[in-house]
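**Student:** only geometry, no sequence info:
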């Protein structure tokens, strides 16, 4: 067997699109994440899945007993069924944001992982896509876990509900690529804290726990511009079987977010490490 | 005198060991306050924004759903916001105390190791621990006071004894803070510690101790008692 | 001689007003071990990063194996083994996993890397530590692993940025031995250092940089010959008396340098100079005659004031 040398492999990319940024090896950073994941502690992995489940029990069933039923598009459902989609969307967001912000910030500034990756013949886009793909994988696992809990509880009322899983992955993709783009511009831990300051209100006010119709019109507009509202509305529509033109708009919102995020992440990683 | 000559003269003429023996812990607190002062804007913002967000979303938002359903019965006989307020006050005190003892302790032993620098002066380990603890309680008192004022303006405080809630919340924070200080000092692997502490202990306590809905049978969880006490003062 | 591997002409890097590398010219031939010396902030690491195709130049020309790193970054990096100043090993992975995944970054086949790992572990003397997480390794072991990692793609040029800074003497000597073997095998070495003994041990040819410019170029022996005398006499008279004695001894040698704690007298015959001084009635507290080293040349060229 003739082994292809590192040089031959790199030169085979000459003339291909994006040759300066993309070596066509998303699998290598992904493989790295898998190796690191294998030796990490299962309890930390489990903890990410646990949080939305705890919220579901506390708010859905605890507070829900004080609330009774909810009406969504004329359909009467339990409070737990009302908040479950919001919690799935939020956990997809949280997982993706954690992986793409604090983790990425640490890898850029402390562990210098990207510096060592980009000293090889990898391109910036390989690294960005690899990291985001990993965040999606994690989002997928959490979504599956959450669905495994809520389905037996009778909180999914339609076969459309199965689509909530790919929807969660789409949401994770949007937040991961956008989060990574923002993080790559951050310089200090203080700036990173700004992300948290933005995330908490978005979580509390985007309609996971109560309809946004309680707010004045202009506040509703602001919330409707934010990604989490689209995420929650997308998953809620799917889990309750209310699929329509609005579903498509939410999907397009996330597609746009993914494209923007990838563009800026690649641009910025190239500027940081290859300039 | 140059620094070379002064160093030779020895420190015993300068350092008053009796004073350190008596007030050492306060010197440690002073260093903690210096650190906090750097983040003062953040601390103030957090102290105001956090309660504001929770009271608006859970208290008012979810509250509107609860009150619409419960009508004049209310929750434990009071509107949802009044029911929720004291519980959030107590849990904020607890969370604040934990953060403010755990972070400096991990930092002191692991990250910048400044506990070892302090211990290389005449300060004792006990004084360092006490100093961190005192500073944490001062910060918690500040947070709790702001929270209480916001509760007042939200109209969540009905009873004349409501001011007692501050003291009860402080006791709850002090109890948790002391316990976590002891645990944080023994931590070996920090990333592990935060995940387990936050997600497996604090979060479930926060969610299931009657913070958001009345509990019937889980009064054996320690924080429940604190929350009920705080609640008693407010209703 | 075949055409040089690395050619730099008027190579310049500026950051706003600040010029980190200022119009420098140099060539590195195949199989050479080439050193960049200079105090902190001289522009060594900036130069290394431009050669490593991870930093774009502001102006001038740079080719590596005839290619422009700005146009063919990934292709050039495929030729290089990079050992950065600070180890950036993957702390979450074990020793073998680090070597394996780094090979994967180059797109090498799993089978090839598996075989290569055994060679590299032996080279780095880390066979016993193969399944240990790198966070648990000593500084010297980490450094050897970083060098082994840089070799996984069988690069033609190995670039080392201050390879032994922060290591104890034993670890340094083991590293030098490893690097010397690579040099014997014909690997082109490009290294920066501020240890003069290291440069004398490892570099066939070197440039001394200061404030982005090249101050001198040549082999270590050439540089000593050109910029200093053969020997130097170090005398201490005590902090208060040094200045006065320096004044008195001014005419006894080629060049005299007065430092706060001692006086240095440069001469081709140190012993004779010292006995002349003693018989002239001077009584230093301590005296020492030694060969001049690259360090003397370095301090002469780049000055003695502290660079922060």
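**Tutor:** That came in fine, so what should we check first? From a predicted model like this one, the values you see are computed outputs, not experimental measurements. Numbering: from 1, shown residues only, chains lettered A, B, ... in the order given.
**Student:** can you give me the strands in chain A?
**Tutor:** With DSSP state E as the criterion, chain A has strands at A:69-72, A:75-78.
**Student:** could I get the ones you listed as JSON lines with mean pLDDT?
**Tutor:** Formatted as JSON lines, those follow (pLDDT from 0 to 100):
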{"stretch": "strand A:69-72", "mean pLDDT": "80"}
{"stretch": "strand A:75-78", "mean pLDDT": "85"}
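**Student:** would you list those strands in TSV and tack on distance to chain B and mean neighbour count?
**Tutor:** Bear in mind the C-beta positions are built from the backbone N, C-alpha and C, glycine included. Shown next, in TSV, are those (distance: least, Cβ to the nearest Cβ, whole Å; neighbours: other Cβ atoms under 10 Å in any protein chain shown):
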stretch	distance to chain B	mean neighbour count
strand A:69-72	8	14
strand A:75-78	12	15
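**Student:** thought residue B:202 was touching residue B:98?
**Tutor:** Yes: using Cβ atoms under 8 Å, residue B:202 is in contact with residue B:98, at 6.9 Å.
**Student:** state the helix or strand in which the nearest residue to residue B:54 once chain neighbours are set aside lies.
**Tutor:** Using Cβ to Cβ, 6 or more residues apart in numbering or on different chains and skipping the chain neighbours, the partner closest in space to residue B:54 is residue B:88 (5.8 Å). Assigned by DSSP states H and E, residue B:88 belongs to helix B:80-106.
**Student:** can you tell me what sits against the helix or strand following that helix?
**Tutor:** Once the chain leaves helix B:80-106, the next helix or strand it forms, by DSSP H and E, is helix B:114-119. Applying Cβ atoms under 8 Å, 6 or more residues apart in numbering or on different chains, the contact partners of helix B:114-119 are B:28, B:31, B:105, B:107-109, B:125, B:128.
**Student:** which parts of the stretch 101-250 of chain A are helices?
**Tutor:** A:102-109, A:113-117, A:124-150, A:164-185, A:189-205, A:217-225, A:227-239, A:245-273 (DSSP state H, counting those that start in this stretch).
**Student:** contacts only, for residue 164.
**Tutor:** Looking at chain A here, since you left the chain open. A:85, A:88, A:143, A:147, A:156, A:235, A:238-239.
**Student:** you looked at the wrong chain, it should be chain C
**Tutor:** Residue C:164 sits next to C:143, C:171-172, C:175-176, C:193, C:195, C:198 when contact means Cβ under 8 Å, 6+ apart.
**Student:** pLDDT at it, what is it?
**Tutor:** Residue C:164 carries a pLDDT value of 85.
**Student:** rewinding a little: of the helices of the stretch 101-250 of chain A, which approaches residue C:287 most closely?
**Tutor:** In terms of Cβ to Cβ, the element of the helices of the stretch 101-250 of chain A nearest to residue C:287 is helix A:113-117, at 48.9 Å.
**Student:** name the residues of the stretch 151-300 of chain C found near chain A, please.
**Tutor:** Neighbours of chain A within the stretch 151-300 of chain C, by Cβ under 8 Å from any Cβ of the partner chain: C:153-155.
**Student:** by neighbours, which of these wins?
**Tutor:** The residue in these with the most neighbours, by other Cβ atoms under 10 Å in any protein chain shown, is residue C:153 (28 neighbours).
**Student:** excluding its backbone neighbours, what's nearest that residue?
**Tutor:** Once flanking residues are discounted, residue C:153 sits nearest to residue A:6: 3.8 Å by Cβ to Cβ, 6+ apart.
**Student:** just residue A:249 next, same as before
**Tutor:** In space, and not counting its chain neighbours, residue A:249 is closest to residue A:230: 7.8 Å by Cβ to Cβ, 6+ apart.
**Student:** same check, this time on residue C:26
**Tutor:** Closest residue in space to residue C:26, ignoring its immediate chain neighbours: residue C:8 at 5.2 Å, by Cβ to Cβ, 6+ apart.
**Student:** swap in residue B:156?
**Tutor:** Among residues not flanking residue B:156 along the chain, residue B:85 sits closest, at 3.6 Å (Cβ to Cβ, 6+ apart).
**Student:** and the one you found, what does it touch?
**Tutor:** Listed by Cβ under 8 Å, 6+ apart, the contact partners of residue B:85 are B:55, B:59, B:151, B:154, B:156-157, B:234.
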